[in-house]
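Asker: turn this into a structure:
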Amino acid sequence: MTFYPTDRLALFIDGANLYSASKGLGFDIDYKKLLAEFRTRGVLVRAYYYTALVEDQDYSPIRPLVDWLDYNGFSLVTKSAREYTDSQGRKRWRGDMDIEIACDMLEMAGHVDHVVLFSGDGDFRRLVESVQRQGVRVTVVSTMKSQPPMASDDLRRQADSFVDLADLSSIIGRPARAPLPRFIQGDADADTDA
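Answerer: All right, here's what the predicted structure looks like:
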């Protein structure tokens, strides 16, 4: 991954996708370390974090993380998760943030030199291509080392560079805690087109 000290950087973190990828690799993301690492790689203009939240709950296990990120240098983009029933009759939650990520990345393309997308979702291939046509370099961070792999082949090929999240684990990771409930994870695994 090539970064230049004068690069204006923007990070776009698909929260559900990054959560699933790091869990698949057996570690948690230390967001303070992540922010510090990318501040050393260029001029960090913005670090976006995208997640759906389940409203009307007395306690949401993701709320402390969202609050911490909001107070510690991340631009939070959230929306309410929608409830649905899966094919086995189980109650599930879905909160796809693809459109929000796409709109913000296209908007920021004129203000940065390099974007880092933390997602392996193949739906972002066309977005990456569009941003590249505007002269912006794109690095995708996801993983091929989990079972199943979390990164779409099409997205990896389109990106200027691909970084396997496993290779960043010693820099931005910490030992994994107990897993969050399924609705926090979202459906990131199903959306990778890997």
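Asker: longest strand in this protein, by number of residues?
Answerer: With residue count as the measure and DSSP state E as the assignment, the chain has strand 43-53 as its longest strand.
Asker: just give the strands next to that strand in its sheet, each with its orientation.
Answerer: strand 8-14 (parallel), strand 75-80 (parallel) (DSSP bridges).
Asker: which residues are contacting the longest one?
Answerer: Contact partners of strand 8-14, identified using C-beta atoms under 8 Å, 6 or more residues apart in numbering, comprise 3, 34, 38, 41-50, 74, 97, 101, 104-105, 108, 111-119, 121, 188. All C-beta atoms are positioned from the backbone trio N, CA, C, and that covers glycine.
Asker: try the shortest one
Answerer: Around strand 75-80, the neighbours that count as contacts under C-beta under 8 Å, 6+ apart are 46-55, 66, 69-70, 95, 97, 100-101, 104.
Asker: put the buried members of those into a ChimeraX selection.
Answerer: To isolate the buried subset of the contacts of strand 75-80 in ChimeraX, counting by 16 or more other C-beta atoms under 10 Å, use the following:
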select :46,47,48,49,50,51,52,53,54,66,69,95,97,100,101,104
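Asker: off-centre distance for stretch 135-148?
Answerer: Computed by C-alpha atoms, centre = their mean, to the nearest Å, the chain-centroid distance of stretch 135-148 equals 10 Å.
Asker: again but with stretch 117-134, I slipped
Answerer: 12 Å.
Asker: using CSV, write out every CA atom in that stretch.
Answerer: Coordinates of each C-alpha in stretch 117-134 appear next as CSV, following Å, rounded to 0.1, in the frame of the first residue of the first chain:
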residue,chain,number,x,y,z
LEU,A,117,-12.4,1.7,1.9
PHE,A,118,-12.8,-0.8,4.7
SER,A,119,-15.1,-3.2,3.1
GLY,A,120,-14.9,-6.2,0.8
ASP,A,121,-18.4,-5.7,-0.6
GLY,A,122,-18.4,-6.3,-4.4
ASP,A,123,-21.2,-3.8,-4.8
PHE,A,124,-18.6,-1.1,-4.3
ARG,A,125,-16.6,-2.0,-7.5
ARG,A,126,-18.4,0.5,-9.7
LEU,A,127,-18.0,3.2,-7.0
VAL,A,128,-14.3,2.6,-6.8
GLU,A,129,-14.0,2.9,-10.6
SER,A,130,-15.9,6.2,-10.6
VAL,A,131,-13.7,7.7,-7.9
GLN,A,132,-10.6,6.5,-9.7
ARG,A,133,-11.7,8.3,-12.9
GLN,A,134,-11.7,11.5,-10.8
